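K.L.:
Model the following, please.
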Amino acid sequence: EMPVWYSGVLDEHNAVRKAAGLFDVAHMGVFEISGPHATEFLDLVLTNYVRWFKPGESYYSDFLDQDGKVIDDLMVYQRRQDLYLMVVNAANADKDWAWLNAVNNGEVLIDRERPDLRVLRPATLRNLKDPTTGADRRVDLALQGPASLAILQSLTDDWRLKDRLGRVPKTGLMECALAGFDLVIARTGYTGEDIGYELFVHPDRAAAFWETVMEAGQPFGLQPCGLACRDSTRTEAGLPLYGHELAGPFDISPTGAGFGSYVKLHKPYFVGRTAHLEWEKTRKMEIARFRMNQRGVRMPKTGDPVVNRRGRAVGWVTSAAVDVDGWILGLAYVESRYHREGDEIGIFSLPARPVIEKGDKADLEPGDKIQLPDLATILVRFPDDEERSHWRGEKVESVPSFLPAGE
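P.N.:
Below is the predicted model:
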């Protein structure tokens, strides 16, 4: 029932890059992990190193199963030393919740070589989408784009709160009452924007909060953004999506997705570590980012073949969308040796009705048709500073501190 777009994907995409966009991501799963053994439990089930982080910080990570396969990718927010908020993909929320509880309760095999291994000191788990969690329930709205901070600061006249908002670092979080709403505010998001926030609010107040933010954001160019813009911004930024650039039909690992730095192999142990290491010894493919060389070509889709300049098949498209300039940009899972910035590739954007071709090209006659690949250029894996500056267009003035002189 969520809109694919409100005003149009290109209009919304440009709003995020040059002003701000508000996304309804209340469908995402929201869990709470707490208690004296919460950190120990999370370090067991997550690939990232939980003990490194402190209250007020957040981080990206993955769940792996006992065979090293990706269960899901997620964000974890540390509210206190013994209290964590976890956000998971909506389509995987039930699966993730079942996995966490099964591991916590010792009801699932987590290591095939050590079948007796289990959690001895469980954490306390709560699903914050469940009505039984009462006042602690939370859903997620995402405010993304260079004007996002100014919009949040416009919701209060308290200069101290304005300053606190301005001092939240990248991936940091704070808790406050803003415009009468009890919020957890994290400087995170999945659009590739440096300035962007995820706003966790009680579901009973989410609609009112949405309207409040939209009204406050009108002078700043804020626009509501749908699912298509969510996909186009994260694709432009090279960020993987579960089912496309993680797991999915090509069984892509976090390292193959370009996010290997979030799998901390120096950790003594996490579920799936040994199997992941074995898998990586034979992996020969990885995600590349590309832009089509011409306008007006067919939009590639997941599974469309990718070839090199000599016509050799080297991989498949995983995602495609329209970028800030209206060009088609995408991600593809290709052989690592052909992932070279600046190289040309060909993409067979397969039509719904395949072109009927003759098997022997020597039999071609005038009027026969064969499909040719559309050309694209491989880009740097993640956008550099120059590309990010291009997204923003005119430079957005930084918001000054609201602390009085001398404080």
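
K.L.:
so how many other residues sit close to T39?
P.N.:
18 (other C-beta atoms under 10 Å). In short, each C-beta sits where N, CA and C put it, glycine included.

K.L.:
State the distance from the nearest residue to it once chain neighbours are set aside to A257.
P.N.:
Nearest non-adjacent residue to T39, counting by C-beta to C-beta, 6 or more residues apart in numbering: V50, 5.4 Å away. According to C-beta to C-beta, to the nearest Å, V50 stands 21 Å off from A257.

K.L.:
Check N105 too.
P.N.:
Counting by C-beta to C-beta - N105 and A257 are separated by 30 Å.

K.L.:
And those two? Which one has more around it.
P.N.:
Each of N105 and A257 has its neighbours counted (other C-beta under 10 Å); A257 has more, 26 against 12.

K.L.:
Okay, the more buried one and G196: tell me how far apart.
P.N.:
Taking C-beta to C-beta, one finds A257 at 21 Å from G196.

K.L.:
burial count for the nearest residue to H37 once chain neighbours are set aside?
P.N.:
Spatial nearest neighbour of H37, excluding adjacent residues (C-beta to C-beta, 6+ apart): R121 at 4.1 Å. Neighbour count of R121, defined by other C-beta under 10 Å: 10.

K.L.:
Could you pull up the contacting residues of R121?
P.N.:
P36, H37, E40, F41 (C-beta atoms under 8 Å, 6 or more residues apart in numbering).

K.L.:
what bridges to the closest residue to A93 other than its chain neighbours?
P.N.:
Nearest residue to A93, sequence neighbours excluded (C-beta to C-beta, 6+ apart): G29, at 3.0 Å. G29 has these beta-bridge partners by DSSP bridges: V88.

K.L.:
roughly how far apart are G29 and V324?
P.N.:
30 Å.

K.L.:
now do D82
P.N.:
From D82 to V324 the distance is 42 Å (C-beta to C-beta).

K.L.:
Which of the contacts of R121 fall in helices?
P.N.:
E40, F41 (DSSP state H).

K.L.:
would JSON lines of the contacts of R121 with pLDDT be doable?
P.N.:
Output for those, formatted as JSON lines (pLDDT from 0 to 100):
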{"residue": "P36", "pLDDT": "97"}
{"residue": "H37", "pLDDT": "97"}
{"residue": "E40", "pLDDT": "97"}
{"residue": "F41", "pLDDT": "98"}
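
K.L.:
distance between stretch 265-279 and the chain's centre?
P.N.:
Centre-to-centre, stretch 265-279 and its host chain are 23 Å apart (C-alpha atoms, centre = their mean, to the nearest Å).
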